[in-house]
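Chemist: What follows is a predicted protein model with its sequence.
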Amino acid sequence: MPAIPDRVRWMDAVLLAAAALLGAALRLTHLDTVSLWLDELIDYDVATNVLRHPFRALFPGLSSEHGPLFYATELAGRVFASPEISARLFPAIFGVIAIVALWLAARSAGLTTGCIAALLLALSPLHVYYSHEARPYALLMLLATVALIALVKRNPILFGAATTACMLTSKAAGPFVLSAACSAAIAAWLAEQREERKRFAIAAAVAAASPLLIPLLYHVPEGVPTAGFPGVSARFFNELLQTFTLQVLPPFAARRAAYAMLALAIAGAIALFRRNRVHATIAVVLATFPVASGIAALAIIGHWYNVRYVSAALPAWLLLVAAGIEWIAMIATQRIGRHAFWIVALAVVAAIGKESWPAAREEWSRKLDWREVASSIWNHAAPGDTVLTTNSWSFLSLQFYLQRLPPRVHLVNAAESLAIAQRTVKSREPVWIVSAGFEADTTVTGWSCAYPLLMASKREQLRIHYAPSLGHFLQHRALGPELRTIAAQYPNGACRLLADTSDAIFFASGWGTLESNGDEQWRWALGPEATVVLPVSGATDRTIRFHALPAGSSQTVEVLIDGSSLGGVAMSAGWRDYEIEAPAGVWKGDRHTLTLRFAHSAAPHDADPHSPDMRPLSAMFTSIEAGEKPANLPLHPVRMEGFLDEPPRERSRYAPQKTDPAALRLFCARAGFDPDATPAALRSGRITVEQLVDAMIEEYECSTDATFIRAAFLAAASRDPGEAYSADLAKQWHDRRERARLLHGLIETPQFPIARAK
């Protein structure tokens, strides 16, 4: 590479400062935006135990994965009360320091403009992601950068300190440390001067000896199940390249910018070899060997793969990319002129930054917020409720955050045991059933689908079910948002509940099972009292109507709304329509319960000893109405308060701002979302229509295809296709992907109520 004039150096310093500030803005802000996830909170608890029992830190086997240096940095942040800030503070600081360290490594390796490498690291989604996580990988990447500096500066003492610190940080550093030893050994072989060979040989020996710390520091867990190594394929290597360049989380497309960065890294390696083969060898080995050896080790032991296990190669990789950019900029300087260098170099960095910026800005926040999950359950539960987790993943995650709230619920871990889960639900009422994360045995999660699903998320495959029934939830645990969501699906504040399967959730207590003669369906009210949850909202005058037949020749029923008596109604023999006025003053709050108190009941067995029917029958009902011109609707989605939203990944094709507010409110309600809060979030752009559609698909995870079809048509096209058509269409489906195709197709039709963006 030709030399760059000295006047370039001040620009290099200015851009380094800009890279450090940009890196700090991306890493040091919003550390508590999302909760700790499983691995973070496990490490948090390990550090807490060390704090309570300091002598434990003196013994080996503190953890199976991470070492005392990492836990020391975790404890150093405990000056903050927030567990998220205290645990993530030093990883974020290490991330910022690494930016400056990579600049120094690039300059030491012969790059005149180390700011290019610093800018690339500042904008790296992979580096930002682990700088925002209370795990040791940000520290490992910093130590890997220090080891790179030590090697190119021929400093075996600093190199030995860096590799030893790596092993004191995490067992996952093993592949990198061995790669560093190989790098030093190859450099010793290539070095021309005896003193250099000696220094590199010492460095190689020290690095090679560092993994001997593993049996002294880490214990080997027994019988811990993992998802297994995914296998090596073209798709695997594309994912690996994408995570090192443009994004961390799936889905992974074959984005051309990632392959352009690969070409730049190859060009950078060639440029470095032309300048200094020792430096080039060090950079290339540290960029490739940790990845190859790390993947090989995971494949051999059959361990689950994640990019974090090979992330220590990132600094050397970006150094090679920076060398390639500098080389191209120098060629442009020779052919175009001296001002071309910064124009070309910064243009390439800007092009890469444009591709990586969305992921760097928001991917770190795309995690399940267990703090919100725990808070939502806690807010809905009553003292003494039981929360049953299907596995240890969800148990540990919920336990961590429920312990930070006042005592209210009893937490039980089924530990993937169906017997424990069934016994818990049978002996306790109600029970919140939570599943998430990796499971070696999914039997309990499958069993939980027998109970209504209240919340679902793709993040960690979260599902929250409720036992004994959805009716019990609506009557006793639903809060304002859920009740408003149901009520908003009925126009004019009126509803008509049929004694069939679609409205079964509203017949809360005191009712028999559904009966039919082929043409009509009905339910018996049993005993002295029966209750119905009325899905209406608003304080207005309403008329209560019901079509019923008393048990016997006559009956008297007292009608109450939310405990306020409306008076009595005399019922006579045969099927008749009855009504009673309910003035606005009785409709208070969000939950409205219609109570029917009967004067008497009788069992058929009492009149005919040969009859096997011992039920205390009071009256038979086919429908109950509240308000004028009520609508008949099928089963509606009911989801718990709290939409687990994230910044939209793509620009929405729809314009909620230009949509009729009533139509927008109705769509949100029929999709299962709070009609008061969700429209405002849509209009502001905080969430998109597409996100609601995807979330709706998740909410029907445990429902039949026919049920989903009816809900999709109702929400997206404002029409009910009926049970027969829905069942017929469902028979033609091959797999669950048909659901997404149907719902996304429906929102493209003219019947979809939300306006399209131009």
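Modeler: That came through, no problem.

Chemist: list the contacts for residue 486?
Modeler: By C-beta atoms under 8 Å, 6 or more residues apart in numbering, the contact set of residue 486 is 474, 535, 636, 638, 669. Every residue, glycine included, has its C-beta placed from N, CA and C.

Chemist: Surely the second one touches residue 490?
Modeler: The reference is to residue 535. Yes - shown here, residue 535 and residue 490 form a contact pair, counting by C-beta atoms under 8 Å, at 6.0 Å.

Chemist: Those two: who's more crowded?
Modeler: residue 535 (27 against 23; other C-beta atoms under 10 Å).

Chemist: Touching, residue 268 and residue 318? I think so.
Modeler: No - Residue 268 is not in contact with residue 318 according to C-beta under 8 Å; the separation is 9.6 Å.

Chemist: Could you check stretch 572-579 and say which residues are buried?
Modeler: residue 578 (16 or more other C-beta atoms under 10 Å).

Chemist: Contacts made by that stretch with the rest, please.
Modeler: So stretch 572-579 is contacted by 543-550, 552-554, 569, 571, 622 (C-beta under 8 Å, 6+ apart).

Chemist: And stretch 737-750, by the same measure?
Modeler: Contacts of stretch 737-750 (C-beta under 8 Å, 6+ apart): 654, 689, 693-694, 696-697, 700, 705, 708-709, 712-713, 716-717, 733, 752, 754.

Chemist: which of the residues you listed are buried?
Modeler: 654, 689, 693, 696-697, 700, 705, 708-709, 712-713, 716-717, 733, 752, 754.

Chemist: From the residues you listed, which land in strands?
Modeler: Per DSSP state E, strands hold no members of the buried ones among the contacts of stretch 737-750.

Chemist: So which of those is the closest to residue 170?
Modeler: Closest approach to residue 170 among the buried ones among the contacts of stretch 737-750 (C-beta to C-beta): residue 697, at 37.9 Å.

Chemist: Residue 190 - nearest residue in space that isn't next to it in sequence?
Modeler: Sequence neighbours aside, residue 278 is the residue nearest to residue 190 in space, at 5.2 Å (criterion: C-beta to C-beta, 6 or more residues apart in numbering).

Chemist: my bad, residue 660
Modeler: residue 753 (7.4 Å).

Chemist: Count the neighbours of the one you found for me.
Modeler: 18.

Chemist: for residue 86, same thing?
Modeler: Residue 86: 21 neighbours (other C-beta under 10 Å).

Chemist: What residues does it make contact with?
Modeler: 74, 77-80.

Chemist: Which element, helix or strand, includes it?
Modeler: Using DSSP states H and E, residue 86 sits within helix 83-108.

Chemist: Beyond that helix, next helix or strand please.
Modeler: helix 115-122.

Chemist: pLDDT averaged over that next one, what's the number?
Modeler: Helix 115-122 shows a mean pLDDT of 97.

Chemist: packing partners for it?
Modeler: helix 7-27, helix 83-108, helix 314-336, helix 340-362 (3 or more C-beta pairs under 8 Å, 6 or more residues apart in numbering; DSSP states H and E).

Chemist: change it to 6 Å
Modeler: Counting by 3 or more C-beta pairs under 6 Å, 6 or more residues apart in numbering; DSSP states H and E, the packing neighbours recorded for helix 115-122 are helix 7-27, helix 83-108, helix 314-336.

Chemist: if I pick the residue nearest to residue 190, what's in contact with it?
Modeler: 187, 190-191 (C-beta atoms under 6 Å, 6 or more residues apart in numbering).

Chemist: okay if I get the residues you listed as CSV plus distance to residue 586, neighbour count and pLDDT?
Modeler: Shown next, in CSV, are those (distance: C-beta to C-beta, whole Å; neighbours: other C-beta atoms under 10 Å; pLDDT from 0 to 100):
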residue, distance to residue 586, neighbour count, pLDDT
187, 85, 25, 93
190, 89, 16, 91
191, 91, 19, 89
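
Chemist: Tell me the one among the residues you listed nearest to residue 274.
Modeler: Nearest member of the contacts of residue 278 to residue 274, counting by C-beta to C-beta, is residue 190, at 14.3 Å.

Chemist: any idea how far the closest one lies from residue 277?
Modeler: Residue 190 is 6 Å from residue 277, where distance means C-beta to C-beta, to the nearest Å.

Chemist: With residue 336 instead?
Modeler: Taking C-beta to C-beta, one finds residue 336 at 29 Å from residue 277.

Chemist: Residue 152 versus the residue nearest to residue 190, what's the distance?
Modeler: 8 Å.

Chemist: Which of the helices or strands spans residue 75?
Modeler: Counting by DSSP H and E, residue 75 is part of helix 68-76.

Chemist: Report the buried residues of that helix.
Modeler: So, applying 16+ other C-beta under 10 Å, buried residues of helix 68-76: 68-71, 73-75.

Chemist: Does anything pack onto that helix? Which helices or strands?
Modeler: Using 3+ C-beta pairs under 6 Å, 6+ apart as the test, helix 68-76 ends up in contact with helix 38-52, helix 156-169.

Chemist: Burial-wise, tell me which of those comes out on top.
Modeler: Stretch with highest mean neighbour count among those: helix 156-169 (a mean of 22; mean count of other C-beta atoms under 10 Å).

Chemist: All set, thanks.
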